[in-house]
Each structure stands twice: as structure tokens, then as C-alpha cells.
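Asker: I'd like to go over a predicted model; first the sequence, then the structure.
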Amino acid sequence: MNNKAFHFEIEKRIDHHLGRAGIIHTPHGDIKTPAFMTVGTKGSVHFLSMDDLQQIGAQAMLSNGYHLRNRSYEISEDGGLSQWSGWEGPTLTDSGGFQVMSLGSGLGKVVNMDRVKDVINTEKKDRLALVSEKGVDFHDPYTDQDDFIGPEQSMQIQCRIGADIHMAFDELTSLADTYEYNVEALGRTERWAQRSLDEHKKHCMDLGYYQALYGVLQGGRWEDLRRSTSKKLAKMDFDGYGLGGAFLKEDLGEILRWCCEELPENKPRHLLGLSRPDDILIGTMMGADTFDCVAPTREARHGRIYTHYGYYNITNDPHSDAPLEPGCDCPTCRAGYSRAQLYTLLKSEKKEEKYQFFNLASMHNLRFIIRLTEEIRQAILDGTFMEYKDTFIKNYYHR
RNA sequence: GGAGGAGUAGCGAAGUGGUCAAACGCGGCUGACUGUAACUCAGUUCCUUUUGGUUCGGCAGUUCAAAUCUGUCCUCCUCCA
């Protein structure tokens, strides 16, 4: 059927929509979709052990080629990301495309889906990353060194890291960029896509198993750009697609639809960087199969706790004996931790106790999002997706 | 009993005549966070929602003007008896 150890199997579709439930087969295991991939940028999820990840039902881990670039040879010698990190399941690496934006036009800015009016790009002279046709020159804030990554470098790095799925090197534009700039950036991203594909082919079997490559769709919020780039990349020999971009909340579903209508149905699609419940629900409905996001863990560390009835901050309920969410099946709630106990850990001056809070809160939020994807999957298989979605949104957003 | 030193907002700590409701840190409270420069960031923290009021151990003074100077009292710390 497929001589590569990577393929996507569709099990069931959502009626009248582009969404589906399926299975992505990779050399390191299967991913039942829709699925949320936990973000372990440098090869581990902040404050979670691999055992913790198993316990919360994590299926796959996403790491970052940019952050791991200086360790890629070491990882390669170890046999790849799975061996090296101790995460035995499927893995994915990002190309570093996000850092083009976060260290460049978005330096010091928050990537927000609700505001657009007050979004201003960082001045060119202040940026740590500068884009040109060849790639991205940047200044690494950690090592204080100047460095360069282009499509070829990104592919070489990712192939040494050896995740099961790689992302083409792309340029993520910001909400503040104009149509004209998006045309320019998109052309570059498309040329980089071809260069990524060419370079990837040379190294994709270097570690002894096939490493898949996803092409990344950009194009901002413009239908003509989204559809044309989707058509172009659809004709190229990618194993799947990354749905990229800075989205305005109300545009997300529409943009995904434009893209997914043009993409081949039999290849998996990963929505890059989003994980609010409505994003996942709309994303799934519009054809995205996998997701990743730093928010569940980052927000957990900052005290925001997810529940079916919306989120709250643990600091607003410091004396409660209640669990984070009654009835939750996460390890934290199952172990019987109360909000008061967790608050005490968060506020502790002892580092270990604070870290314990980070661990417990992160597991809760991640489990919440992972359980959401599990339930969505089951609802699709049961043919009840739309009902599930409406009920969930109604409870979560109180509308 | 004697000699020094110190008392500033919840805490720690600047400030030694006006530009002081009083820096800064912590703690507290709000909010933010979406392919992790993110165990981070922003705002707020005497009362009062007024170009207002009451403050810098207490009281009494000096001065146009005091947290800052003088006197006195109280409390605390160190050292000597």
C-alpha cells in the first residue's frame, strides 16, 4: 500500500464538513486523530516526565529544530529524537519558522488572536531575526551568537534530530503585515517549500527510518493567497501539511476551509500552535487532524486552570478544598489535590514545591486538552460531532 | 545605672529642609499568555473615586516650608557596669 512507514488512514468523516477521524502511522507508532501533540521544545515537556505524558494520554511530542539545532549531532548519534529524549512515541519537529516571526517582526510581542488594531511589528533595527531569500539571519538570545538558518539548514537539522514528522521551513507573518508583504513572504515560503523538499529527500532516511515532511501553508487572512498556495503545495510531494499563520479568532475556520478544500484528502494536516477548545473544535471541523500549543503548559505555570466551564486562576480560589475540576480524570485530580494545596505549592518559596505545582497544573491542563481531542474523535466516530461541539462550546464559553 | 545605634506604607529598605504620598525590592491583588527569549509579562498596592485628606514612633517647637532641624517622651538593639 505505502512503501513508506508513514501514511494516513481516514476512519470516518464529519458529515458535510472537511473534518475526519483517522490514524497517522509513523515509524515510532500511531497517532489517532484528531490529536493534540504536547510541546517539548527541547525534547521534554516542561516539568513533565515521560511517564507523566503516558499517564495523561499524550500520543505525540513536538520539538523544535531551532532550539535543538546545536544538539542535533548528539541526537543523531543517539539514534534520533525518540531514543535521545526517552519519548518512545511519535515525534514532530518544527522547522524554526515560528522563530522567524517571534524573534523578528513579533519580537517582544504577544501573539494574540483577538486584537489586530494595536498590533505593530517590531522595528527592523530592533529585530533579532532578519529574513532574506536565502533564509534567516538571527541573533540567538541564549548563546548571544549570530547564526543563520535557511531551508537547507533546517532540513539538515531536522533530519539529524530525526522526528517522525518534519515541517518545511516557512515564514510566519504577523497580523500587522500588509497584503503586499504577505504576497512577498508567501512567494518566499513557497520557494523555501521546494528547497525544503529537495534537501529533505537527501537525508530523510539517514537514521534508518523514513522521516516525513509536511509543507506549511501561509498566506495570512486572504482567500486568494490561501487557495493558491494550497493548490501549489498540494501538487508537491509532501507527506502532509502544516496549517500556519497568525489568525484572527473569527477568521480561523474560514481560512482553514479555504486551505483544506484545496488539499488532498488523504494527507494529514497539522494546525500549528493552537489549542483553545474552540480552536480545536473549529480546526477539526474544518479538516485539521493534529494540533500543538504551548498554552496549556505555560498557562498552567502561570496559574490558569482549564475546566469544562471555562478557565479560572488558582490564585482567585486559594482556600478551596475542591479539586481543580470535580470529576476530572487527570493524575492531579485523581490524586486528590485540592485547590488550596496547589495554591500553597505555587506560592511556596521552596523551588521543589513550586515545580511540583508546575507539574501538577500542567498535567491537568494538558489532560483537559487531550481528553477534549479524545472525545472529539469518539464523537466523530459516533457521528455526533456537531452536537458534541455545540455542547462543549456552550459550557466552556457560557454561550 | 552608663555609652552608642535605631524607629519610614503589610514586610524589608531608600530618602537627612521645599521638585515627598514618599524610590526600590518582597509580599498582596488584577489581568495577559496560542508552531516556548515565557518558573514570564503588564497594571495595581495609605485613605479618598475631588486640582482632596491624613502620614514617615508620640508630643511640643523652629521655619514661608519638616520624613528630614530642636526639645522631650516612648520602644527596640549593641556594648560597658
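Answerer: Here it is on my side, so go on. Numbering: from 1, shown residues only, chains lettered A, B, ... in the order given.
Asker: tell me the secondary structure for A:V216?
Answerer: Per DSSP: H, G, I helix; E, B strand; the rest coil, the secondary structure class of A:V216 is strand.
Asker: Whether stretch A:281-292 contacts RNA strand B - can you check?
Answerer: Yes: judged by Cβ under 7 Å from any atom of the strand, stretch A:281-292 and RNA strand B are in contact via A:D292. Using the backbone N, CA and C atoms, a C-beta is placed for each residue, glycine as well.
Asker: what about that stretch, average pLDDT?
Answerer: The pLDDT scores in stretch A:281-292 average 98.
Asker: What residues of that stretch count as buried?
Answerer: A:L281, A:I282, A:G283, A:T284, A:M285, A:M286, A:G287, A:A288, A:D289, A:T290, A:F291, A:D292 (16 or more other Cβ atoms under 10 Å).
Asker: RNA strand B: which of the residues you listed is nearest?
Answerer: A:D292 (5.5 Å; Cβ to the nearest atom of the strand).
Asker: Now do the contacts for that closest one.
Answerer: A:D292 makes contact with A:F36, A:M37, A:T38, A:V39, A:L62, A:L92, A:H270, A:L272, A:G273, A:S275, according to Cβ atoms under 8 Å, 6 or more residues apart in numbering.
Asker: Find the residue ranges of the stretch 101-250 of chain A scoring beneath the pLDDT cut-off.
Answerer: Residues of the stretch 101-250 of chain A meeting the criterion pLDDT under 70: A:115-118.
Asker: Contact residues of it facing RNA strand B?
Answerer: A:101-103, A:107-108, A:110-114, A:128, A:141-142, A:167, A:170, A:172, A:216, A:218, A:242, A:244-245, A:249.
Asker: Spell out which parts of the stretch 251-399 of chain A neighbour RNA strand B.
Answerer: So the stretch 251-399 of chain A meets RNA strand B at A:272-276, A:279, A:292-295, A:297-299, A:301-304, A:313, A:315-316, A:318, A:347, A:351, A:354-355, A:358 (Cβ under 7 Å from any atom of the strand).
Asker: Just the buried ones from these, in ChimeraX syntax?
Answerer: Command for ChimeraX that selects the buried part of these, burial taken from 16+ other Cβ under 10 Å:
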select /A:272,273,274,275,276,279,292,293,295,297,299,301,303,304,354,358
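Asker: tell me the domain boundaries of chain A?
Answerer: Split into domains by automatic domain parsing, chain A comes to A:7-33+A:64-93+A:157-293, A:300-397.
Asker: how about JSON lines for those domains, with distance to A:K134 added?
Answerer: Output for the domains of chain A, formatted as JSON lines (distance: least, Cβ to Cβ, whole Å):
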{"stretch": "domain A:7-33+A:64-93+A:157-293", "distance to A:K134": "10"}
{"stretch": "domain A:300-397", "distance to A:K134": "37"}
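Asker: Comparing those, which comes out most buried?
Answerer: Across the domains of chain A, the average number of neighbours (mean count of other Cβ atoms under 10 Å) peaks for domain A:7-33+A:64-93+A:157-293, which reaches a mean of 21.
Asker: Next, report how far that one is displaced from the centre of its chain.
Answerer: Chain-centre distance of domain A:7-33+A:64-93+A:157-293: 9 Å, with Cα atoms, centre = their mean, to the nearest Å.
Asker: for the stretch 51-200 of chain A, what spans make up the helices?
Answerer: A:65-68, A:72-77, A:81-85, A:97-102, A:151-161, A:179-203 (DSSP state H, counting those that start in this stretch).
Asker: Among those helices, which comes closest to A:N395?
Answerer: helix A:97-102 (31.2 Å; Cβ to Cβ).
Asker: Could you list every helix and strand in contact with the closest one?
Answerer: strand A:129-132, strand A:135-140 (3 or more Cβ pairs under 8 Å, 6 or more residues apart in numbering; DSSP states H and E).
Asker: Sheet-wise, list the partners of the first one with their directions.
Answerer: Looking back up the chat, that one is strand A:129-132. strand A:135-140 (antiparallel) (DSSP bridges).
Asker: Compute the first-to-last residue distance for stretch A:327-336.
Answerer: End-to-end distance for stretch A:327-336, by Cα to Cα, to the nearest Å: 11 Å.
Asker: pLDDT averaged over it, what's the number?
Answerer: Stretch A:327-336 comes out at a mean pLDDT of 97.
Asker: so which helix or strand takes in A:K232?
Answerer: Assigned by DSSP states H and E, A:K232 belongs to helix A:223-234.
Asker: Against RNA strand B, how distant is A:T91?
Answerer: 12 Å (Cβ to the nearest atom of the strand, to the nearest Å).
Asker: Quick check: closest non-adjacent residue to that residue.
Answerer: Nearest residue to A:T91 in three dimensions, chain neighbours excluded: A:A163, at 4.0 Å (Cβ to Cβ, 6 or more residues apart in numbering).
Asker: wait, isn't that neighbour in contact with A:Y210?
Answerer: No: using Cβ atoms under 8 Å, A:A163 makes no contact with A:Y210, being 11.6 Å away.
Asker: most centrally placed residue in chain A?
Answerer: For chain A, the residue nearest the mean C-alpha position is A:D292 (2.5 Å; Cα atoms, centre = their mean).
Asker: Ramachandran coordinates for that residue?
Answerer: Per-residue torsions, A:D292: phi -150, psi 160 (degrees, to the nearest 10).
Asker: Ok, the one 5 residues further on next?
Answerer: Note on A:T297: its backbone torsions stand at phi -80, psi -40 [degrees, to the nearest 10].
Asker: measure it to A:T284 for me?
Answerer: According to Cβ to Cβ, to the nearest Å, A:T297 and A:T284 sit 21 Å apart.
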